[in-house]
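Novice: Dropping the sequence and predicted coords here.
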Amino acid sequence: MSKKKNTYTADDIEILEDLSPILHRPGMYTDPENPNHALVEIIDNASDEGLAGFAQNVDVTLFEDGSAEVIDDGRGIPVDLHPAKKIPAVQVIFTTLHSGGKFRKTDAGSVYRIAGGLHGVGVCVSNALSLKLEVEVKRDSSKNLLVFGPNGKVKQPLKKVASTKAKETGTRIRFWPDPKYFDSPKFNTANISALLRAKAMLLPGVRFTLGVEKNKKIETQSWHFPDGISGYFKEAIVGNDPVAETFLGERYIQAQSESDSFAEGEGALWAIAWTAEGDVVSESYVNMIPTKYGGTHVSGLRDGVYQSIKNFIDHHAMGQKGLKIVPEDVWSRVSYVLACKILDPQFKGQVKNELISRDAVKLVSQMIRDPIELWLNQHVGEAKKIAELVIKQALARTKASQKVEKRKTSGVAVLPGKLTDCASEDSSRNELFIVEGDSAGGSAKGARDKEFQAILPLKGKPKNTWQDSPNTLYSNKEIEAIALAIGIDHHSSESNIDLSGLRYNKINILADADVDGAHIQVLLLTLFFKHFPKLIENGHVYVAQPPLFRVDVPAGGKGRPARKLYVLDEQELETLERKLVDEGVKEGSWAVSRFKGLGEMSPDQLWETTLNPDTRRVLRVSFEDNVEQSLDIFSMMMARENSGQRRSWMETFGNLVEADFA
């Protein structure tokens, strides 16, 4: 870890607008189910003080009046005047979006080089969505108090309320969530308890305490794991005996010379065990932020573990002829806790439930691959027990897929000649990409995983089938090819269609990231919505999201190596460019390349951005609650006789569309 920076002043607080965006669109910034996320943002800030080595205690209290309080004994939020805003820095942090001390990731002496806070939005959310919020700061021999009222407006300006000892520092924040912004105004105590327990594991030097007020008495519980992840994981899997001893490990980039791709301090901590039965434990964290839905760091763990176990099985000739080990065979009985440190993590949304940083796959896989291979070969007896469990899972999977195939092959399947099929017969794992054009189809064929990914290129734009009858639907060869490839006949939403003949669990629409590509997406979605609705209803249809731009960012010295970043559209490009400037990257030093189409992308680029299940971005197609409204919209947009209605709609709403005709 880099050396601590003992000075923490107003100069460290950078401003990247008032709180009105949060008040207008609270769902973009927080989870509307309950105020937990607003509290977690404050807990994360206190935890970051512990991560930086300045706090030893974090105390959280839930009061009967619906408020919550977080106290830490860190350095205390700066209270001196901000040089640009000319108001106390603590007030800036709670009232100005994109402000904070966590942007200078490239500075080795940054106040928070590796931290959970990313956007400078967190505690602004807590403040904006509260009826009242109090901030008490102890530092520089003074206790200072700042009070906010509804909508985050200053109610009582910052003032000194008492003197303290010189070494007495810390921050106390208490807030009363505004019930109108949440489905339930009550905190979920169980979730907060689990979070604090996990943070105690991730920060062995910090004690976390939760107090809950009942009948005006506060009942407390504390968590402190001096042994860190070892003691935590042992407690987590108690009663579910592993087939072999737990594999524990920790590895970080110690110096920039070790890696051209990652920065000093980045890496991972893990505990992994295989159990033959019972529930598995699946927990992942990034910079102490729990990622409930996993993400690319978990994909990296899966990849590293899978490759190592597979190599061990091959090396010791434990496999059976014709039996192929796939990642799910290795992973289905794994319990794990994974904690990553990443310099500049990218999350899916402000709630940060899922990591989407593509580099995290490579980072975690690289960190764990050598250690687990070494461990397996040093503990051959234990490793063989794990391998035997994996082989058992593979045999069970193969047997189950064979039963399904026997049911399906009552007749001879005639597949379209342009289909490049996959090798696997396990339809639950296989996926089809319906690709725009032969050129893109060729790139996709070169990029795909031949084991489970099939490619079906289309010639030109598919037909608008909204008003086609079942009798004339297959007169179009492209539509017929799609039906033959997926193995399911057309049907209505009311029919009891048998989906056991479905050849692919996922059907991905893959088109260029431009207007023509969007039109092809709509035409294919029309086909599935009107003639294959059960595929959408059962979650089998997806829209792939290839990037429109690649951004090449130069190396930033020892703090950050060169990067290749991909973005979906102009709006995302603007956001990324602002973020790069905030990070300290010289404006204009990066190069932006635009992809004219999928056929222009190299197989490696297409695999990384669009086909690789670990790093791609896809949208699952689903019905809204109001299916009739969806029918009306499709009818207006796709029916031939509704051209006048479409024209009227475009005249009214066309200005809201940012079309890309390049």
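Specialist: Thanks, I have the structure now.
Novice: Next, give phi and psi for residue 230.
Specialist: Torsion angles at residue 230 (phi, psi; degrees, to the nearest 10) stand at phi -60, psi -50.
Novice: quick one: the longest helix along the chain to chain centroid distance?
Specialist: The longest helix of the chain (DSSP state H) is helix 380-408. How far helix 380-408 lies from its chain's middle: 30 Å, per Cα atoms, centre = their mean, to the nearest Å.
Novice: by contact count, what packs against it?
Specialist: Here helix 380-408 touches strand 267-274, helix 296-315, helix 327-331, helix 359-378, going by 3 or more Cβ pairs under 8 Å, 6 or more residues apart in numbering; DSSP states H and E. Backbone N, C-alpha and C define where each C-beta goes, glycine included.
Novice: Could you say which of those is packed most deeply?
Specialist: Comparing the helices and strands packed on helix 380-408 by mean neighbour count (mean count of other Cβ atoms under 10 Å), strand 267-274 ranks first with a mean of 24.
Novice: Determine the set of other helices and strands touching that one.
Specialist: Counting by 3+ Cβ pairs under 8 Å, 6+ apart, strand 267-274 packs on helix 229-236, strand 247-252, helix 296-315, strand 334-341, helix 359-378, helix 380-408.
Novice: Just the CA coordinates for the helix or strand following the longest one, please, in PDB.
Specialist: Same thing as helix 380-408. Moving toward the C-terminus from helix 380-408, the next helix or strand (DSSP states H and E) is strand 431-436. Extracted C-alpha coordinates of strand 431-436, given in PDB (Å, rounded to 0.1, in the frame of the first residue of the first chain):
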ATOM      1  CA  GLU A 431     -26.200 -19.300 -27.400                       C
ATOM      2  CA  LEU A 432     -27.000 -17.900 -30.800                       C
ATOM      3  CA  PHE A 433     -25.900 -14.600 -32.300                       C
ATOM      4  CA  ILE A 434     -28.100 -13.300 -35.100                       C
ATOM      5  CA  VAL A 435     -25.600 -10.900 -36.800                       C
ATOM      6  CA  GLU A 436     -26.100  -8.100 -39.300                       C
END
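Novice: Show me what strand 431-436 pairs with in its sheet, parallel or antiparallel.
Specialist: Note on strand 431-436: by DSSP bridges, its sheet partners are strand 453-458 (parallel), strand 506-510 (parallel).
Novice: From the chain's centroid, how far away is the last one?
Specialist: In terms of Cα atoms, centre = their mean, the centre of strand 506-510 is found 20 Å from the chain centre.
Novice: contacts for it?
Specialist: When contacts are defined by Cβ atoms under 8 Å, 6 or more residues apart in numbering, strand 506-510 is touched by residues 430-436, 440, 444, 486, 520-521, 524-525, 528, 535, 540-544, 546, 598, 610, 618.
Novice: Now, the residues you listed that are in helices?
Specialist: Using DSSP H, the contacts of strand 506-510 in helices are 440, 444, 486, 520, 521, 524, 525, 528, 535.
Novice: returning to that earlier point: indicate which one of the strands paired with strand 431-436 is closest to residue 132.
Specialist: Among the strands paired with strand 431-436, strand 506-510 comes nearest to residue 132, with 48.2 Å by Cβ to Cβ.
Novice: Just the CA atoms of the closest one, as PDB, please.
Specialist: The C-alpha atoms that make up strand 506-510 are tabulated as PDB, following Å, rounded to 0.1, in the frame of the first residue of the first chain:
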ATOM      1  CA  LYS A 506     -29.800 -17.200 -25.300                       C
ATOM      2  CA  ILE A 507     -30.600 -15.700 -28.600                       C
ATOM      3  CA  ASN A 508     -28.600 -12.500 -29.000                       C
ATOM      4  CA  ILE A 509     -29.400  -9.800 -31.600                       C
ATOM      5  CA  LEU A 510     -26.100  -8.400 -32.700                       C
END
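Novice: Could you give the average pLDDT over that strand?
Specialist: Throughout strand 506-510, pLDDT has a mean value of 96.
Novice: in that strand, what counts as buried?
Specialist: Neighbour-count burial for strand 506-510 flags 506, 507, 508, 509, 510 (criterion: 16 or more other Cβ atoms under 10 Å).
Novice: Between the two ends of stretch 48-61, how far is it?
Specialist: Distance between the two ends of stretch 48-61: 19 Å, counting by Cα to Cα, to the nearest Å.
Novice: Buried ones in it, by neighbour count?
Specialist: Residues 48, 49, 50, 51, 52, 54, 55, 57, 58, 59, 60, 61 are the ones in stretch 48-61 that count as buried (16+ other Cβ under 10 Å).
Novice: And the first one, how far from residue 250?
Specialist: The spacing between residue 48 and residue 250, counted by Cβ to Cβ, to the nearest Å, is 20 Å.
Novice: And the third one, by the same measure?
Specialist: Spatial separation of residue 50 from residue 250 under the definition Cβ to Cβ is 18 Å.
Novice: Also the fourth one?
Specialist: Using Cβ to Cβ, one gets 15 Å for the distance from residue 51 to residue 250.
Novice: excluding its backbone neighbours, what's nearest residue 497?
Specialist: Nearest residue to residue 497, sequence neighbours excluded (Cβ to Cβ, 6 or more residues apart in numbering): residue 491, at 4.1 Å.
Novice: Contacts only, for that neighbour.
Specialist: Contacts of residue 491 by Cβ under 8 Å, 6+ apart are 497, 531, 532, 533, 534.
Novice: again, 10 Å this time
Specialist: Neighbouring residues of residue 491 by Cβ atoms under 10 Å, 6 or more residues apart in numbering: 470, 497, 498, 499, 531, 532, 533, 534, 535.
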